[in-house]
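A.B. asks: have a look at this prediction, sequence included:
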Amino acid sequence: MSAAAEPLVAARPRPAALRWLRRYGLATLGGAIILAWIVMAVLAPWVMTYDPNFVDVANRLQPPSAAHWLGTDALGRDVMTRIVYGARISLSVGLVVVLVGGLFGTLLGAIAAYARGWAEEALMRVTDLVFCFPPIILAMAIAAALGIGTVNTVIAMLVVWWPKFARLARSLVITQRSLEYVEAAQSIGFGPVHILLRQIIPNAVGPLIVLVTLDLGQAILVFAGLSFLGLGVVPPTAEWGAMVAEGRELVQQWWVATFPGLAILTVVMGFNFVGDGIRDWLDPHARTR
Amino acid sequence: MPAPAEAPAPESRPEPQRNDLLLRVRDLRTWFLTDSGAVRAVDGVSFDLHAGETLGIVGESGSGKSVCAKSIMRLLDEPARIVGGSIEFRGRDLATLDDEALRRVRGREIAMIFQDPMTSLNPVLRIARQLVEAMTAHGRFTPAAARIRAVDLLRRMGVARAEAAVDSYPHQFSGGMRQRVMLAMGFSNEPALLIADEPTTALDVTIQAQILELLRELNRDLGTAVILISHDLGVIANVCQRILVMYAGEVVEEGPPEELLSNPRHPYTWALLHAAPRIDTEATDRRLTTIDGQPPDPRAWPDGCRFRARCPFAVDKCAEHPALLPIDATRAARCWVTQAGGALHPPGRTHAQAAAPAAVQSTAPLLEVTGVTKHFALPKEGYFAPSRVLRAVDGVSLSVTRGETVGLVGESGCGKSTLARLVTRLHEPTGGRIVFDGTDITHASPAEIRPLRRRMQMIFQDPYSSLNPRMSVGEILAGPLLLHRIVPGEAAARARVGELLDLVGLPPAAAGRFPHEFSGGQRQRISIARALAVGPDLVVADEPISALDVNIQAQIINLMVDLQERLGLTYLFIAHDLAVVRHVCDRIVVLYLGKVMESGRASDLFTRPLHPYTRTLIAAAPVPDPRVERARRHVPMKGEPPSAVNPPSGCRFRTRCPIAQPRCSAEEPALQPGADGQLVACHFPGVL
Amino acid sequence: MTRYVVSRLITAFALVLFATLVVFLIANTVPGDPALAALGDEQASDPAAVAAFRAIYGLDLPLWEQYWRFLQRLLQGDLGVSIATRRPVLDDIVDYAPATLELATIAFFLSLAVGLPLGILAAVRRDSWVDHAARFVALVGVSAPTFWLAFVVLAIFYGHLDWAPGTGRLDPIAFPPDRITGLLLIDTALVGDWETFHDAAAHLVLPSIVLAASTLGLITRTTRAAMLEALSQDYVRVARAKGLLARVVVTGHALPNAMLPVVTLGGLAYANLLTGAVMTETVFAWPGLGRYTFRSAVAVDFPAIMAITAIVAAIFVLVNLLVDLSYALLDPRVVRK
């Protein structure tokens, strides 16, 4: 579409609020969703009336009702309570895996990229190696060998999670290290550690934050998947993936498997909205509109 | 606003057909309707263009010249919109034409070439495809015929081995070659008008000369009208029969170059002329005439004359917005002062009479470089490919005495930037010696060099990437102070930062702001302040003004000259612009492909260049005076710069030298003394 | 060009070798003991039986010798004998692989067929309702857990609406065709057994849609981003200035450039589909590699795990190699100097 001559319309700028909503509305929604989940997870013990592991066989497989808002599962446990308690596990696992793996990977990638030479080559080979395995497979192998359980699964996930951060950090540092302000800092006499940590990394932080946000959702997905397969949490712990597994055969009692999955969906979507919003915010092209 | 009536052109120019009005732009207004307000980039521009005529539009960044050109072709996207005016082309108004009719005009009747040849061609498509589709899209040729014509066009544009070139990909060509391909594309449908938007800005000066020569030929032979847009008055004077000067979205002056450039009738033109150093005259004072400040904010043009805030000739009447009124038959200007008959006097002493350049002091050189080389190993293409070496600097010797300004000149790939980084030990030389004030720093470790870093500093080319965007100006300037413990603590650092800012002409409040809040020229001032923070003796300036507008360039040059006097600095000044180098430097070293071709005093080098490369360089640099242009000897430089990975045997310049002899390929000339302290590396110095 | 290919082949081979070594080391330094797992409690308490078991499977040899044996057999095509099924692992894999191949390939093409045009349209009509819809669909696809989506889809279309058949590749009463390739669609078509062909195709619908969901999201987003990037380049403006049709500018100029990152990501996505379909296969009772991997992992079946890992690594490396090679074909800057 090319600019055509039109009468002078839209000379007055659109209200700032409307502009902001168009651009960041989804991101705000995502943020609200995540915040809501966090609050629920933290306040779970005080707010939920049922105990997540309280078995009540007489009341098993009840559809959603006033007493049990989301119904009960095969052992009569309240689905809603189990979902809220499951949030605690999912959110903490996601946080640990992404923050620890992300920190480790970023440092490794940044240092290797700045040091260059064999360190960088070695890093590339190692990450290549880890990339050969889809997370599920490697996590399965490690979790199976170490035994099931939350901690072991987290360890397995950590092993596969750090390389993508290393790769991203490396490419960001490579971009920055050829910029003139780095040369200026070198010519002033700053040492490599100072330049890397205090000058380069602050400029590389943006895309890393986007990746962290998006990955929080992905980590929750992977962990739920592993629990679904039986490798993650130990029963009877309430966890979303495990709950879907329990309800998998229950086509008629659909609420047992559907609601935990919906929980996963909303949380992951929330993180994706926020991550996309941050990415748009950082993108210089988008600013000029 | 009536366009000025045309008078017969001077005899030296080809006679354009006066009865054939090609393009008539009236009161063109192109605004960017952004969310934060309307940016009135082009605000009422009118001009006529006749068939076969060459029109130049000159102005600095933000003047609206590029937006004006793109508006003619309607190549602007939202939020840009043509909000008023008309663009009559051969009876149709392009501003209101529907999309399909416009598509038929584009590339067929009006063609356009852009500034950056490196990104103008699609990297994954062959040249043949990109040329052929330009011709078949308008149904004038069959694909087979178009391909034959494509090869012919490439040949016409001077692309070597056109048959092979047409099947190649863009990345296999240099910038100059790609611009020739762009010209071939533009002329392929024999358009009536070619718009060239800064076509040579990204090219070396010798390649630029070739491209401008090509443009002149095509205009003469094919009768295609040309609108040439540039910020360089010399380029415009070289090619165009008429000039429009734009400032703040308006045309402020119009006329033929012979008169406009010798007797400007608008203060802005006057300022442009006097702010640019001249390659053909000796300067009496190193300082240039500058005007303060920057162009106004396009979101809110000031009332009255938009140049008033910076105009040294402003009077009361200037509070009223002047119209573009004719001065005589061929000229018009938008200025009350000259309209009323006032003259724009030649630049007076705007600064106190400067002392003659400080006599060069002690004879012991501050910096001595002997036979230094730097080879970069290039990544291998595969496990079995031979390893390649880039000989960026291949045996350079020079010395810099305390207090003088030595210029390092050459085109892209000559090694001047690498040499700058070798001297400041950002890179380690592969061979040779570098001695700074008696200390051999050739292979010194970072720890050994650290104390010396206080004594030599560097200023970089790109004002946008040489400052850390995440650090405030205060932090950037305090960094070196605290690292070298020049000041005892934070408070003292803040005070010193204020002094430094004052030294470079910035307000103390700047310390709390971030680089992106400043303009290019201001950022260079911050860079200079950072370099001065440690109190160096030697400042290596790597193309410090190349990325700036002419007026700002002049401001920075003046600043650097001032600082040299006040602080007793020694400069190693690297540039590709010969006029600037002649103006600012005591001695000059000319580099080509990693070797020194010639060196000597600035005045000697320019009045009596001994090396053929120096001579062709000087001849290629455009001068903003058509009469001088015509009187100068044109020394053509053939071909493209050779590869630094595989330099020519013997004399490296021989592949492009107009006077090359068999001896030049057999034997490499050593750097010999010529006349009067000049050093030349040529078997036949002074012949050309 | 040849040099490039050979260099990449060597790198690929080295990578696969390393991968097997790594897995071997992991498998042997972790606590699980396959002998105990396979023998069951009663026999496991008898040291002689355990020792005999270990001897049969070579578990009592030093590590490096076990690895060397493994490599030798690998090069001869012998992937060892599964501890759990007592059959050669190669046979197991040959049995299970075609199901995954069929499902993954169909899912991949489905996501391409929908994702590419959607991404291109979203980029060309930026900020329109098409763009927003495409982005939303992509987002949901990427955010939904596959195993849950499988359940939901099965529950609705099979459980409640009865539009689609149940789990598995064929109806329980159907006669599977003679095995030629193992790919049901091909095998039934080759012998003209159209009834079973329809049955197999019907069973493929739901799982391939589920499997395609997340890949679809990825491809749409990547295509959109790559097209936006390409459309903002100078050469696109030049193409418009030449007076080319808008369609030609998009498909002839922007698209070839946008395809480069899409090919890279697409390749990775396909490899992921081939090797990571375990969730979908579990819910749909699909007898594929994913389920086999999972069972082997749970049973700590070393030979099977190692063989599968080698194969998975090989698949990834192969796909990456193909992506690199196609990059060399698509992007002339890669090999030509």
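C.D. replies: That came in fine, so what should we check first? Residues are numbered from 1 along each chain as shown, chains lettered A, B, ... in the order given.

A.B. asks: by proximity to chain A, which residue of the stretch 101-250 of chain C wins?
C.D. replies: Of all residues in the stretch 101-250 of chain C, C:Trp148 sits closest to chain A, at 3.0 Å by C-beta to the nearest C-beta. In short, each C-beta sits where N, CA and C put it, glycine included.

A.B. asks: and that residue, what does it touch?
C.D. replies: A:Val244, A:Ala257, A:Thr258, A:Pro260, A:Gly261, A:Leu262, A:Ile264, A:Leu265 (C-beta atoms under 8 Å, 6 or more residues apart in numbering or on different chains).

A.B. asks: for chain B, what are the nearby residues on the stretch 101-250 of chain C?
C.D. replies: Contact residues (C-beta under 8 Å from any C-beta of the partner chain) of the stretch 101-250 of chain C with chain B: C:233-235, C:237-246, C:248.

A.B. asks: which of those residues sit farthest apart?
C.D. replies: Using C-beta to C-beta, those span at most 19.2 Å, a distance reached by C:Asp234 and C:Leu245.

A.B. asks: tell me, what residue is most central in chain B?
C.D. replies: Residue closest to the average C-alpha location in chain B (C-alpha atoms, centre = their mean): B:Thr201, at 5.5 Å.

A.B. asks: B:Pro199 versus the nearest residue to that residue once chain neighbours are set aside, what's the distance?
C.D. replies: Excluding its sequence neighbours, the residue lying closest to B:Thr201 (C-beta to C-beta, 6 or more residues apart in numbering or on different chains) is B:Gln115, at 5.5 Å. For B:Gln115, the distance to B:Pro199 (C-beta to C-beta, to the nearest Å) stands at 7 Å.

A.B. asks: number of residues surrounding A:Trp20?
C.D. replies: A:Trp20 has 12 neighbours, counted by other C-beta atoms under 10 Å in any protein chain shown.

A.B. asks: could you tell me the per-residue confidence at it?
C.D. replies: Note on A:Trp20: pLDDT of 76.

A.B. asks: name the element it belongs to?
C.D. replies: Using DSSP states H and E, the element containing A:Trp20 is helix A:16-47.

A.B. asks: centre of the chain to the longest helix along chain A, how far?
C.D. replies: Assignment by DSSP state H gives helix A:79-115 as the longest helix of chain A. Computed by C-alpha atoms, centre = their mean, to the nearest Å, the chain-centroid distance of helix A:79-115 equals 7 Å.

A.B. asks: angle of that helix against helix A:16-47?
C.D. replies: 120 degrees (axes from the mean of the first three to the mean of the last three C-alpha atoms, to 10 degrees).

A.B. asks: got phi/psi on A:Leu158?
C.D. replies: Backbone torsions for A:Leu158, taken as degrees, to the nearest 10, come to phi -60, psi -40.

A.B. asks: can you check B:Met456 too?
C.D. replies: phi -140, psi 140.

A.B. asks: does the spatially closest residue to C:Ala241 that is not a sequence neighbour sit in a helix, a strand or a coil?
C.D. replies: In space, and not counting its chain neighbours, C:Ala241 is closest to B:Met112: 4.7 Å by C-beta to C-beta, 6+ apart. Remark: B:Met112 carries the secondary structure label strand [criterion: DSSP: H, G, I helix; E, B strand; the rest coil].
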